[in-house]
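Build the 3D model from these lines:
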Amino acid sequence: MKTEIIKKLKILGINQSAQLIDREIDDWRLLKFIEIKEKYSGNNTKIEKEQIKINQIHSELSKYNNDQLINFLIEKEKKEKELKEKKEGELKEKKERELKEKKEKELKEKKEGELKEKKERELKEKKERELKEKKERELKEKKERELKEKKERELKEKKERELAIFFIRTVFIVFFGGLVFVIPNWNKIFLGNNSQKNINQNSYPEKKVFKPKIQNKKIYKTEIYSDGKYEGEFLNGERNGQGKFTWNNGSKYIGGWLNGKQHGQGTETQTNGETFEGEWLNGKLHGQATYTWDNGNSKYIGGWFNGEQHGQGIYVRWENGMKYIFETYNGDVTKKGKIIFQDGREVKISW
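Here you go, the predicted model:
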C-alpha cells in the first residue's frame, strides 16, 4: 500500500518529504500539467490522456492528508537512508575485509618470501660449509698422503743407505780380507817365479822387496823427527813393520813400512780430509788404491803406478742424492758410465 502511494507521488515529481512541506499536492498536479503541455505540445490527444492519468493519481492521493503523505515519504527516506547506510557499511566492511585480506596476503607473501630467502640462504651456507669442509678434508688428506709418502720415502732411503753400507762393508771385508792373503804372496800369485817375463804394457813392475840384514829384533817405540812423530815398529834403526806417522801439519799415515818408507797396505789422511788407502811401494801408491776427496763425495778406485793413477779404474761421484760412476784409464775419464738414482734406477750413459 505505502509502496503504491510512493510510486504515485514519484509520478507527480514528489520524491522527498521536503517537497510537500514547501507545496501542497494540488500545486504539484498543476506543475505536472504544465510539464505535460510543454512535453507534448501540439499533441492534444496525448496531453489529454496524460492529464486524465494525473487527475486519477491526484484523486487517489487526496484520500490522505498532507501530513500522512509526508510521513510516508519520511518513512521511505528513512528506509532508503538505512539501506544506503547498510550498503555503505557493507561496502566499507567489504573494503576493510579486502584491505585486511590484502595485508594478510602481503604479510603471508612477505613471510613466505623471507622463509624462502632464509631457506635459500641456509642452503647456500650449507653448500659453502660442505665445500669448505670438503676442501679442508682434501687438504688434510693431501697433507697426510704427502706425510705418508715422505715417511715411506725416508724409510726407503734409509733402507737403501743401510743396504748400501752393508754392501760396502761386505765388499771391504771381502776385499781387504783377501789382501791379507794376497799381499804377502803377491809375487807368487800374480807374477810367478819368472816375474820379469810376465810383465806386459798394462801390468805393474815387480815390487822390489828389500831384505835388510837382520841384526836386531823388531821393537816398538815412539820417535820424534823434524817433520813429525812416528809410533810403531823399528828394525835396524829404521821404520819397519806396522806404524803410524803424524806430520807436523796434522796429516797422518797408518800402515806398513819398509826401510823408513810407506810400504804395503796403508792409509794416508791429509788435513783437508783427502785420503789415500791401498798399496804402497817406496813411499808412493803403487798397485790398487782408493783416493777420496770433497768430503767423501768423490772417489777414485783403481790402479796406481809410482804415485800416479794407472790402468783401469772408476770415478765415483755422489751429488743431489744420485750416484755417478765413470770408467777411467790412466787417470782420464772414458766415455762410458752410469747414473744410479735415489729410487735405485740405473741409466747407462756414453758420449
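
use CA for all of it now, contacts and neighbours both
OK.

Surely residue 291 and residue 276 touch.
Yes. Look at residue 291 against residue 276 with Cα atoms under 8 Å: they come within range, at 4.7 Å.

Just want the most central residue of the protein.
The centroid of the chain falls nearest to residue 139 when counting by Cα atoms, centre = their mean (5.2 Å).

Which strand or helix spans that residue?
Counting by DSSP states H and E, the element that carries residue 139 is helix 66-182.

same question for that helix, mean pLDDT?
For helix 66-182, mean pLDDT is 84.

Check which helices and strands that helix sits against.
Where contact means 3 or more Cα pairs under 8 Å, 6 or more residues apart in numbering; DSSP states H and E, helix 66-182 is packed against helix 2-11, helix 17-22.

What's the first helix or strand after the shortest one?
The first helix or strand that comes after helix 17-22 along the chain, using DSSP H and E, is helix 25-39.

Quick check: next helix or strand after that next one?
helix 44-61.

and that next one, which residues are buried?
The neighbour-count check on helix 44-61 (16 or more other Cα atoms under 10 Å) flags 47, 50, 51, 54, 57, 58, 61 as buried.

can you give me the strands in the stretch 201-350 of the chain?
With DSSP state E, counting those that start in this stretch as the criterion, the stretch 201-350 of the chain has strands at 219-224, 228-235, 238-247, 252-258, 261-269, 275-281, 284-293, 298-305, 308-319, 322-329, 332-340, 346-350.

Tell me which of those lies nearest to residue 74.
strand 322-329 (123.8 Å; Cα to Cα).

Direction included, what does that closest one pair up with?
Strand pairing for strand 322-329, determined by DSSP bridges: strand 308-319 (antiparallel), strand 332-340 (antiparallel).

The last one versus strand 346-350: what angle between them?
Think strand 332-340. Angle, strand 332-340 to strand 346-350, by axes from the mean of the first three to the mean of the last three Cα atoms, to 10 degrees: 150 degrees.

Tell me how far strand 332-340 lies from the chain's centre.
With Cα atoms, centre = their mean, to the nearest Å as the basis, strand 332-340 stands 42 Å off its chain's centre.

Return the set of buried residues in that strand.
Neighbour-count burial for strand 332-340 [16+ other Cα under 10 Å]: 332, 334, 337, 338, 339, 340.

From those residues, which shows the smallest pLDDT?
For the buried residues of strand 332-340, the weakest pLDDT value sits at residue 334, with 75.

For that one, which residues are in contact?
326, 327, 328 (Cα atoms under 8 Å, 6 or more residues apart in numbering).

ok, those vs residue 239, which is closest?
Looking across the contacts of residue 334 and measuring by Cα to Cα, the closest to residue 239 is residue 328, at 34.7 Å.

give the contact list for the closest one.
Counting by Cα under 8 Å, 6+ apart, residue 328 touches 311, 312, 313, 314, 315, 334.

go again using 7 Å as the cut-off
Residues in contact with residue 328 (Cα atoms under 7 Å, 6 or more residues apart in numbering) are 312, 313, 314, 315, 334.

cool, residue 62 as well?
Contacts of residue 62 by Cα under 7 Å, 6+ apart: none found.

Distance check, it against residue 17.
Relative to residue 17, residue 62 is positioned 16 Å away (Cα to Cα, to the nearest Å).

do residue 27 as well
15 Å.

Those two: which is more packed in?
residue 17 (19 against 11; other Cα atoms under 10 Å).

pretty sure that one is touching residue 67, no?
No. Contact between residue 17 and residue 67 fails when scored by Cα atoms under 7 Å: they sit 9.4 Å apart.

Just the CA atoms of stretch 286-301, as CSV, please.
Taking Å, rounded to 0.1, in the frame of the first residue of the first chain, the C-alpha atoms of stretch 286-301 are listed here in CSV:
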residue,chain,number,x,y,z
HIS,A,286,151.6,-48.5,-6.3
GLY,A,287,149.1,-51.1,-7.2
GLN,A,288,145.4,-51.0,-6.2
ALA,A,289,144.3,-48.0,-4.1
THR,A,290,141.4,-45.6,-3.4
TYR,A,291,141.6,-41.8,-3.4
THR,A,292,138.8,-40.0,-1.6
TRP,A,293,138.2,-36.2,-1.6
ASP,A,294,135.5,-33.5,-1.5
ASN,A,295,134.1,-34.6,2.0
GLY,A,296,133.7,-38.2,0.7
ASN,A,297,131.5,-37.1,-2.3
SER,A,298,134.2,-38.0,-4.9
LYS,A,299,136.3,-41.1,-5.1
TYR,A,300,138.7,-42.9,-7.4
ILE,A,301,139.2,-46.6,-7.1
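
Show me what counts as buried in that stretch.
286, 287, 288, 289, 290, 291, 292, 298, 299, 300, 301.

who does the second one bridge with?
Judged by DSSP bridges, the bridge partners of residue 287 are residue 304.

Before we move on, what's the pLDDT of it?
Reading off the model, residue 287 has pLDDT 93.

Surely it is in contact with residue 303?
Yes. With contact defined as Cα under 7 Å, residue 287 reaches residue 303; the gap is 5.4 Å.

and the closest residue to residue 285 other than its chain neighbours, how many neighbours?
Spatially, and ignoring its direct neighbours in sequence, residue 285 is nearest to residue 307 (4.5 Å; Cα to Cα, 6 or more residues apart in numbering). Residues near residue 307, counting by other Cα under 10 Å, number 15.
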